[in-house]
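Engineer: A structural model of the following input is requested.
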Amino acid sequence: MSKLFSLEQYVEEANSWNKIFGKGPYDLNSAKDRQDLANKIDSELSPENLTCDGELSPGQVRVRYKRLAQAADELKALDPTVTFYEY
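Structural biologist: Residues are numbered from 1 along each chain as shown. Alright, predicted model coming up:
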C-alpha cells in the first residue's frame, strides 16, 4: 500500500464504486468529470474524511494523503483549470 495512486488508478477505483451505486463512469476527456473528480479528491482530503474521523493511525493518514495528492497533482497537470480547496 506504499505505492502512490496515479490518477488512472484513482479514476478506476472511483468508477468501481460508481458501478456499485449505479452511477456512470468518470471520463478524463470530460471537463465536467475532471472537476467532479477534483471535488471528490477535495472531499477525501477534508480532515474528517482523510483521518476517517480520527480512526486511522498517523501512518495510514500519511499514505492516504500521499496517494490523493499524487492523483490531484496529475489531475491539475492534465487540466490546470480544475479547482481544489483542501489541496
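
Engineer: show me the shaky parts of the protein.
Structural biologist: 1-5 (pLDDT under 70).

Engineer: relative to the whole chain's centre, how far out is the longest helix seen in the chain?
Structural biologist: Scanning the chain for the helix with the most residues, using DSSP state H, yields helix 58-78. Put simply, helix 58-78 sits 7 Å off its chain's centre (CA atoms, centre = their mean, to the nearest Å).

Engineer: with only the CA atoms kept, save it in CSV.
Structural biologist: C-alpha atoms of helix 58-78 as CSV (Å, rounded to 0.1, in the frame of the first residue of the first chain):
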residue,chain,number,x,y,z
PRO,A,58,-0.8,8.8,11.6
GLY,A,59,1.0,6.4,9.2
GLN,A,60,-2.2,5.5,7.4
VAL,A,61,-3.2,9.1,7.1
ARG,A,62,0.2,10.0,5.5
VAL,A,63,-0.2,7.2,3.0
ARG,A,64,-3.7,8.2,2.2
TYR,A,65,-2.7,11.8,1.8
LYS,A,66,0.2,11.0,-0.5
ARG,A,67,-2.0,8.9,-2.7
LEU,A,68,-4.6,11.6,-3.0
ALA,A,69,-2.1,14.3,-3.5
GLN,A,70,-0.5,12.3,-6.4
ALA,A,71,-3.8,11.9,-8.1
ALA,A,72,-4.6,15.7,-7.5
ASP,A,73,-1.2,16.7,-9.0
GLU,A,74,-1.8,14.6,-12.1
LEU,A,75,-5.3,15.9,-12.5
LYS,A,76,-4.1,19.5,-12.1
ALA,A,77,-1.3,18.8,-14.7
LEU,A,78,-3.9,17.4,-17.1
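
Engineer: and that helix, what does it pack onto?
Structural biologist: helix 7-20, helix 31-45, helix 47-50 (3 or more CB pairs under 8 Å, 6 or more residues apart in numbering; DSSP states H and E). Quick note: C-beta positions are derived from backbone N, CA and C, even for glycine.

Engineer: please identify the deepest-packed of these.
Structural biologist: Mean neighbour count (mean count of other CB atoms under 10 Å) peaks for helix 31-45 among these, with a mean of 17.
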